[in-house]
Every structure is written in C-alpha cells, then in structure tokens.
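# pasting the sequence and the predicted model now:
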Amino acid sequence: MTVELKGGEASDIGAPGAADVVIEARAVEKTYDTGTVKVVALRQVSLRVRRGEMVAIMGPSGCGKTTLLNCLSGLDDFDSGLVLINGADIAKMADDRKTEFRARDMGFVFQTYNLLPVLNAVENVELPLIVSGTKPKVARELALQSLDRVHLRAQAGNRPAQLSGGQRQRVTIARALVNRPAIMWADEPTGALDSATATEIMDLIVDLNQSAHQTCVIVTHDPKVAARCHRTIHMEDGVIARENTQAEMVAAANGH
Ligand SMILES: Nc1ncnc2c1ncn2[C@@H]1O[C@H](COP(=O)(O)OP(=O)(O)OP(=O)(O)O)[C@@H](O)[C@H]1O
Ligand SMILES: [Mg+2]
C-alpha cells in the first residue's frame with residue numbers, strides 16, 4: 001500500500017513514513033438522516049495516526065467526535081470517503097471478519113459499548129478473548145490479571161449493576177486492555193471518574209502505549225487528559241479545525 005504524504009500538513013507532525021500509518025481517514029463524510037432533519041456530522045474529515053501514537057480528540061458537544069470514532073473503528077457506516085486500518089478498508093470487510101478484527105485488534109472504552117448486564121465483571125472482560133478464540137482457562141486468567149490492573153480483582157464476580165459508575169468504567173477499561181489490542185479507542189474514558197481515578201486510568205493507558213506501543217485515540221473534554229497525548233485534534237462542527245502538539249497542550253493545561 002502506498003500512502004500519499006503531503007509535506008507541511010498539520011496531521012503530518014512527526015512526518016510518519018507510509019509504513020507507520022495505522023489509521024487513515026480520507027475525506028470521510030457522514031450525515032444522519034432522521035427523516036425530518038438531516039445533520040451533517042462529518043465533513044470531509046481526513047487524518048492519519050501513526051503506530052504508537054496517542055491522539056486526543058477535543059471539541060464542543062455535538063461537533064462529531066463520537067461519530068468520528070465510530071466511523072474510524074468500523075462501528076458505524078459513513079456516506080463517502082475512505083477509512084484504512086493497517087491499510088485495510090474496513091468498510092469493505094464482511095461483518096464476521098470485521099467483528100473478529102475488532103475483537104482481536106481493537107479495544108473499546110465507549111459509553112455506548114457497554115458491559116453486558118447478565119455477565120459478571122470477569123466474564124465481561126474475557127469476552128473479547130473468547131470471541132477471538134482464546135482457550136477459556138487462559139482467557140479467565142488474563143481477564144483476572146486485567147481486572148487486577150484496574151484494582152477490581154475482588155469485584156470479579158459482581159455484575160455491572162453491583163458496581164459503582166467508576167468501577168464499571170474501570171471494568172470497561174480492563175476489557176479494552178485484556179487482549180493488548182493494537183488500537184484502543186476511548187470515548188471520554190475518564191468522564192465518569194474522580195480526578196485520582198482518572199489519573200490512574202490515564203497512567204494505565206500511557207503505560208500500555210509505552211510498553212506495548214499501542215495506538216490510542218481518545219475523545220476527551222479534559223485538557224489534562226489531552227496533555228498526556230502526543231497530539232490533540234480539535235473538531236468544530238464536523239471538521240478538524242486545528243491541531244496542537246503535546247507541548248502546547250501541556251502549556252495550556254498549566255495555564256501558560
Ligand atoms: N444516531 C443519530 N441520529 C441523528 N443524529 C445524530 C445521531 N448521533 C449523533 N447525531 C448528531 O450528530 C452530531 C454529532 O454528534 P456526536 O455524537 O458525534 O457529537 P460529539 O462531539 O461526540 O458530542 P458529545 O461531546 O456531546 O459526546 C450532533 O449534532 C448529533 O445531534
Ligand atoms: Mg460524544
């Protein structure tokens with residue numbers, strides 16, 4: 001696959017080589033049609049994320065952040081444009097292959113990609129492993145280790161209804177981390193958490209990014225979360241309005 005790189009584009013910060021680009025969107029457009037109104041959620045959105053990069057997406061409510069994440073990760077269809085993950089056009093994948101691809105290579109921390117209420121914490125966490133064919137005994141051990149990382153091993157037998165909102169969020173994160181996916185998508189991963197737990201969760205994500213060279217795309221309203229990412233993309237009304245480097249976001253978070 002050849003990826004055309006235009007010099008000087010904001011999204012080429014760090015000048016990734018073609019082989020380094022793991023997520024690429026070209027002119028993605030998405031309109032929601034509810035029958036009575038049409039809402040243009042994404043207008044010609046193009047971006048590239050390179051392997052091992054942590055990218056934050058920020059912007060006002062309703063500007064299209066969740067829609068972008070859904071379209072990039074193959075959870076939702078779009079009207080025109082192209083999304084390539086590791087060079088593969090996921091819109092063209094058959095549904096079962098897409099499901100397998102997502103279970104094996106992607107982790108999701110989404111508000112709408114929730115825990116299954118009938119399963120307890122450890123069963124929820126091991127689900128992506130089971131889907132991608134890991135032996136049940138191995139899956140259970142890895143799921144318990146993952147719950148350990150978010151300090152919830154003692155709650156392994158609790159169903160979601162028997163956990164607090166923050167604990168549920170941590171189970172979601174344990175599930176997203178369990179198969180050490182190549183790409184992690186997170187939509188407000190710290191939104192429901194107090195600041196100490198939010199910091200811990202970000203520590204986990206940063207650690208995974210550094211140790212496993214995992215690529216992370218994180219939607220956040222929190223400038224402190226963005227300041228821990230390599231790059232921040234700002235969206236406005238369905239378009240990418242501008243980008244900031246980590247140094248700029250750190251300075252902003254420190255009030256400079
Ligand atoms: N299923 C849907 N049907 C119709 N319109 C939708 C749907 N989902 C989102 N929209 C609209 O698309 C636009 C973008 O929504 P989106 O959820 O991507 O915003 P967001 O940036 O994630 O906002 P927030 O920060 O509040 O989560 C909004 O105007 C929203 O009302
Ligand atoms: Mg959203």
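Yes, it's here. Ligands and ions are numbered 1, 2, ... in the order given.
# can you tell me who the most centrally placed residue in the chain pairs with across the strands?
In the chain, the centroid-proximal residue (CA atoms, centre = their mean) is Trp185; its distance is 0.9 Å. Beta-bridge partners recorded for Trp185 (DSSP bridges): Phe108, Val217.
# what's the spacing between it and Lys92?
According to CB to CB, to the nearest Å, Trp185 and Lys92 sit 20 Å apart. All C-beta atoms are positioned from the backbone trio N, CA, C, and that covers glycine.
# how about the residues of this structure near ligand 1?
Residues of the chain lying close to ligand 1 by CB under 6 Å from any ligand atom are Tyr32, Thr34, Val39, Ala41, Gly59, Ser61, Gly62, Cys63, Gly64, Lys65, Thr66, Thr67.
# tell me which element the last one falls in.
Element membership for Thr67 (DSSP states H and E) is helix 65-72.
# tell me the buried residues in that helix?
Neighbour-count burial for helix 65-72, counted by 16 or more other CB atoms under 10 Å, picks out Lys65, Thr66, Thr67, Leu68, Leu69, Asn70, Cys71, Leu72.
# contact partners of the helix or strand containing Lys224?
Here Lys224, judged by DSSP H and E, is contained in helix 223-226. By CB atoms under 8 Å, 6 or more residues apart in numbering, the residues outside helix 223-226 that reach it are 56, 58, 189-190, 198, 202, 218, 220, 232, 244, 249, 252-253.
# redo that, cut-off 10 Å
With CB atoms under 10 Å, 6 or more residues apart in numbering as the test, helix 223-226 has contacts from 54-58, 186, 188-191, 195, 198-199, 201-202, 205, 218-220, 232-234, 244, 246, 248-250, 252-255.
# kindly report the same for stretch 146-153.
121-122, 124-126, 129, 143-145, 154-156, 158, 163, 167-180, 197, 200-201, 204, 207-208.
# distance between the ends of it?
End-to-end distance for stretch 146-153, by CA to CA, to the nearest Å: 8 Å.
# for that stretch, which positions count as buried?
Neighbour-count burial for stretch 146-153 [16+ other CB under 10 Å]: Ser146, Leu147, Arg149, Val150, Leu152, Arg153.
# before we move on, what about stretch 94-111?
For stretch 94-111, by 16+ other CB under 10 Å, it's Lys98, Phe101, Arg102, Ala103, Arg104, Asp105, Met106, Gly107, Phe108, Val109, Phe110.
# still on that earlier bit, and the helix holding Thr67, average pLDDT?
Across helix 65-72, pLDDT averages out at 96.
# select from the contacts of helix 223-226 every entry located in helices.
Using DSSP state H, the subset of those located in helices is Ser195, Ala198, Thr199, Ile201, Met202, Ile205, Gln246, Glu248, Met249, Val250, Ala252, Ala253.
# so who does the second one touch?
Each residue near Ala198 by CB under 10 Å, 6+ apart is listed here: Gly166, Gln169, Pro189, Thr190, Gly191, Ala192, Thr220, Asp222, Lys224, Val225.
# quick one: residues contacting Leu119.
Counting by CB under 10 Å, 6+ apart, Leu119 makes contact with Val125, Glu126, Leu127, Arg159, Pro160.
# do you know how far it is from ligand 1?
In this view, Leu119 and ligand 1 are 26 Å apart by CB to the nearest ligand atom, to the nearest Å.
# ranges for the helices of the stretch 51-200 of the chain?
Assigned by DSSP state H, counting those that start in this stretch, the stretch 51-200 of the chain shows helices spanning 65-72, 95-105, 121-131, 136-149, 165-177, 195-212.
# looking at the buried residues of stretch 146-153, which one is closest to ligand 1?
The closest of the buried residues of stretch 146-153 to ligand 1 turns out to be Val150 (CB to the nearest ligand atom; 23.3 Å).
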